[in-house]
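> After the sequence you'll find the predicted model.
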2 protein chains.
Amino acid sequence: MNILDGIQKPVLLIDLEKAQHNIRVMLQKADQNQVVLRPHFKTHQSREIAELYCQAGITAITVSSVDMAVYFAAAGWQDILIAFPLNRREMERINGLASQMHLSVLVDNLESVDFLTQHAHCPMGVWIKVDTGLHRVGIWWQNKEEILICAQRINSSPLLAFQGVLTHAGHTYHASSPTDVINKAAASKAAMLEVKNYLQEYGCGEVHVSIGDTPGCRLLSDFKDVDEIRPGNFIFFDLEQWQLGVCMPDEMAVAMACPIVSKNADRKELVIYGGAIHFSKETLSYHGESIYGLLADKQEDHFATILPDCKLVSTTQEHGVLRVNDGVFQQYQIGDLVFVYPVHSCLVVQAMGEFCDLKTGKRIPTMVQQCHNGQVF
Amino acid sequence: MNILDGIQKPVLLIDLEKAQHNIRVMLQKADQNQVVLRPHFKTHQSREIAELYCQAGITAITVSSVDMAVYFAAAGWQDILIAFPLNRREMERINGLASQMHLSVLVDNLESVDFLTQHAHCPMGVWIKVDTGLHRVGIWWQNKEEILICAQRINSSPLLAFQGVLTHAGHTYHASSPTDVINKAAASKAAMLEVKNYLQEYGCGEVHVSIGDTPGCRLLSDFKDVDEIRPGNFIFFDLEQWQLGVCMPDEMAVAMACPIVSKNADRKELVIYGGAIHFSKETLSYHGESIYGLLADKQEDHFATILPDCKLVSTTQEHGVLRVNDGVFQQYQIGDLVFVYPVHSCLVVQAMGEFCDLKTGKRIPTMVQQCHNGQVF
């Protein structure tokens, strides 16, 4: 039996070859620029997918929660950065992790440094989060004295090892063009290097610079003086990255497979089993309309080109509504499967909790399943 | 130790007394109007919460997936309506369910009726989905002949029992005021009664009318000639319902508890551990701004009044940004817990996968956990 014939419910398909290709391309870029690739594992949240990175020679990783650090530490990863502001309420678990491996945490204020100084029981690395334009967390890069005071305070603590400064230039996601992505990423990098130089001038020792975000890491060509990059989404990409000009359609490595359950000829709509709990509610502003996905052309049971005028225009809990063109409307019948590219792959992975290997039909679990079952955390 | 002191990560708090109160109020209304309350269980997805309905005397329920029907059937529920268009790919499981209990399914086209006629192996109820204005699925109510043909075809099948016509007037969610909710709900009801009369005139036997949606069921006062109502969200309510004028703030029975991990004095922002994977990405248009939640006042470790100027203005995977007033900014420190009312309780329940009883701290699981662990499905 064909793999697709066995699919009864919404499933997140993964093309492992594309994922491996995407890893190779980013790693090559990192190698050429002599920066460490410390990929963000929040995108896939899976030990099995992590193996692809391991095979490519990656040893240092980024995660966004203590849970994720616990999960990947249990899978054998020994150099983990929790790129999320220190959550004091998890200090006991953080100490537990730090006792087993090279753990680094993130701070963006002096109170958190002081809290760490008092509550860290094992050696751990500490990065200072710097805001270069996203305005979410981090000390504003021009407040160099504030950053310096934090760095000095970290350095004066016997168990804390100051690693350097870290930013997530997530404002590249609001760029108006690929050139704008590059400009924003370049400005962010320049700001970080200025901070680094300032800290080194004031005797903070060797200060590393870590930068993140898939758009910037993909499009920027000059990483001089940067020490590591932390993109995550690039392993799968998605419509958001495609619309930004960051990836090509054939680089998107995940797509949803959903059964059609109803058709409306007047509105040229295919209604699918696949809604907000599968796609997440992430939207993309697409030619002035908010959409939740775009239909993929199906070629030999594989997701191919984007069909740009076939849009997932609405999602409620279990329903999704695809507004399509005449040809597509005729082509598909109730009971058929459609392939839909998601807006944001990280959130779809979280919502679905597992992948289905497009080639073998094998299920690939993520930590979401274990988290919900309380097995690990 | 206080229950809240033990919370390390985002948690979905539930006030069971409020939930029970909300059930009582809706049941009273149903009793007074002599309609059956067949609550939609997609809101809570939990056997334990379902017990509250059982204790209140509810025996007939609504679900939105075959998975959910399997889960609640295993918990002993014997009258289940899957209020989602027939998914042919799950026909084997549907037959399995129908062999154990009184199962009803939903169709909105003749092809699905014919498919059912050919593939149903056990007696099952069939409802026809009618569109009265939401324009998602269903046969448009004025296409009475099309509805009649479906009904006749169902009636001519020995295993299928025609139950009646069903609508979800979800366009009440787009109403501009409580009066507008009432008008939309009343128009939807009137349309349904017209369809019912037409079908009965043409010899379809006894035709039941089933209507849904929490706003309409809460605000409409006249349910004459309606047979059953299927609201779901009313057990918890949320900011969307509150903004529509459907509930009072003190009727909201769930709220997120999230640790503060960073503060920004310039922007008066509290950054919390609690993001898109916890709150979902559902937004509410609130005074011209898209928001993801509103802060609740904390009184004796309980969520109380809404603080209308303290808004969850952004969520990314794990981060949430609360923009608050001066007083609240001073009141909370890094490491404290905040209570945040979600925009859409159904989606938050799905995202979190479990509740935490505000009174006892006990975890209350949902089917999401089992689903992800493959225990049941």
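Cool, got the structure.

> Contact residues of the stretch 1-150 of chain A facing chain B?
Neighbours of chain B within the stretch 1-150 of chain A, by C-beta under 8 Å from any C-beta of the partner chain: A:7-9, A:42, A:64-67, A:84-90, A:93, A:108-109, A:111-112, A:115, A:135-137. For glycine as for every other residue, the C-beta is placed from the backbone atoms N, C-alpha and C.

> mind listing which of those residues are in helices?
Per DSSP state H, helices hold the following members of those: A:Val66, A:Asp67, A:Arg93, A:Glu111, A:Ser112, A:Phe115.

> if we can go back for a sec, which of the residues of the stretch 1-150 of chain A next to chain B fall in strands?
Filtering the residues of the stretch 1-150 of chain A next to chain B for membership in strands, criterion DSSP state E, returns A:Phe84, A:Pro85.

> rewinding a little: most neighbours, which of the ones in helices among the residues of the stretch 1-150 of chain A next to chain B?
Within these, A:Val66 tops the neighbour count with 26 neighbours, counted by other C-beta atoms under 10 Å in any protein chain shown.

> Who's the closest spatial neighbour of that one, skipping the chain neighbours?
Leaving aside its sequence neighbours, A:Val66 sits nearest to A:Glu90 (C-beta to C-beta, 6 or more residues apart in numbering or on different chains; 4.5 Å).

> For the lengthiest strand in chain A, list the C-alpha coordinates in PDB.
Longest strand in chain A, counting residues (DSSP E): strand A:302-315. The C-alpha trace of strand A:302-315 is given here as PDB (Å, rounded to 0.1, in the frame of the first residue of the first chain):
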ATOM      1  CA  HIS A 302       5.700  14.300  -3.200                       C
ATOM      2  CA  PHE A 303       5.100  17.900  -2.400                       C
ATOM      3  CA  ALA A 304       6.400  20.100  -5.200                       C
ATOM      4  CA  THR A 305       5.800  23.700  -6.300                       C
ATOM      5  CA  ILE A 306       3.700  26.100  -4.300                       C
ATOM      6  CA  LEU A 307       0.300  26.800  -5.900                       C
ATOM      7  CA  PRO A 308       0.300  30.500  -5.100                       C
ATOM      8  CA  ASP A 309      -3.400  31.100  -5.700                       C
ATOM      9  CA  CYS A 310      -4.600  28.100  -3.600                       C
ATOM     10  CA  LYS A 311      -4.700  29.500  -0.100                       C
ATOM     11  CA  LEU A 312      -5.600  28.200   3.300                       C
ATOM     12  CA  VAL A 313      -7.800  31.200   4.200                       C
ATOM     13  CA  SER A 314      -9.300  30.000   7.500                       C
ATOM     14  CA  THR A 315      -8.600  27.600  10.300                       C
END
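
> so which strand or helix has the closest residue to A:Ala169 other than its chain neighbours?
Nearest residue to A:Ala169 in three dimensions, chain neighbours excluded: A:Ser188, at 3.8 Å (C-beta to C-beta, 6+ apart). Element membership of A:Ser188 [criterion: DSSP states H and E] is helix A:178-201.

> Please list the residues of the stretch 251-377 of chain A that sit near chain B.
Checking the stretch 251-377 of chain A against chain B by C-beta under 8 Å from any C-beta, the hits are A:259, A:261-264, A:267, A:271, A:273, A:276-277, A:280-283, A:314, A:316-319, A:321, A:334-335, A:346-347, A:350-351, A:353-354, A:368-370, A:372-375.
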